[in-house]
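Student: can't give you the sequence, but here's the structure:
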């Protein structure tokens, strides 16, 4: 049998799931497509933008920050048609790009963090060749 995914999502545990949901809606333009409700617990939200779906889950644990290059899930990424336009938009929302650079394979990349310190990458492919 071959694995044949027909969709995927990234799950993010949040100290404040409501605040993180609002941030993804207000800053990045995600929309809630589903929520799971259970008595006595904050909801679980599924948000979507384009082909990317994010699951936001409530956590009772304190967030411990991590560096981008530590073992484990590092980040998720948005491929862009216009990096400069996205950067300008994010800055207007008070979000600033870190580690911006052009890679040796012709990609322009940079990273930013959501309000709970989860890393998100932006990238634009500046050449015709994807490597």
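Tutor: Nice, I can see it. Just so we're clear, the structure is a prediction, and the values are computed from it rather than from any experiment.

Student: which SS class is the residue nearest to residue 9 when sequence neighbours are not counted?
Tutor: Excluding the flanking residues, the one nearest residue 9 by CB to CB, 6 or more residues apart in numbering is residue 53, at 3.9 Å. For every residue, glycine as well, the C-beta is placed using N, CA and C. Under DSSP: H, G, I helix; E, B strand; the rest coil, residue 53 falls in the strand class.

Student: my read: residue 53 touches residue 46, true?
Tutor: Yes - using CB atoms under 8 Å, residue 53 is in contact with residue 46, at 6.0 Å.

Student: need the overlap of contacts for those two.
Tutor: 9, 33 (CB atoms under 8 Å, 6 or more residues apart in numbering).

Student: chain center to stretch 33-45, what's the gap?
Tutor: Here the centre of stretch 33-45 is set off from its chain's centre by 20 Å, with CA atoms, centre = their mean, to the nearest Å.

Student: what's the answer for stretch 43-59, then?
Tutor: 10 Å.

Student: which residues of this protein fall in strands?
Tutor: Shown for the chain, the strands assigned by DSSP state E span residues 10-14, 31-38, 41-49, 52-58, 76-80, 98-102, 107-113, 119-125.

Student: now stretch 11-23: buried residues?
Tutor: 12, 13, 14, 16, 17, 20, 21, 23 (16 or more other CB atoms under 10 Å).

Student: what do you get for stretch 111-125?
Tutor: Of the residues in stretch 111-125, those buried (16+ other CB under 10 Å) are 111, 112, 114, 116, 118, 119, 120, 121, 122, 123, 124, 125.
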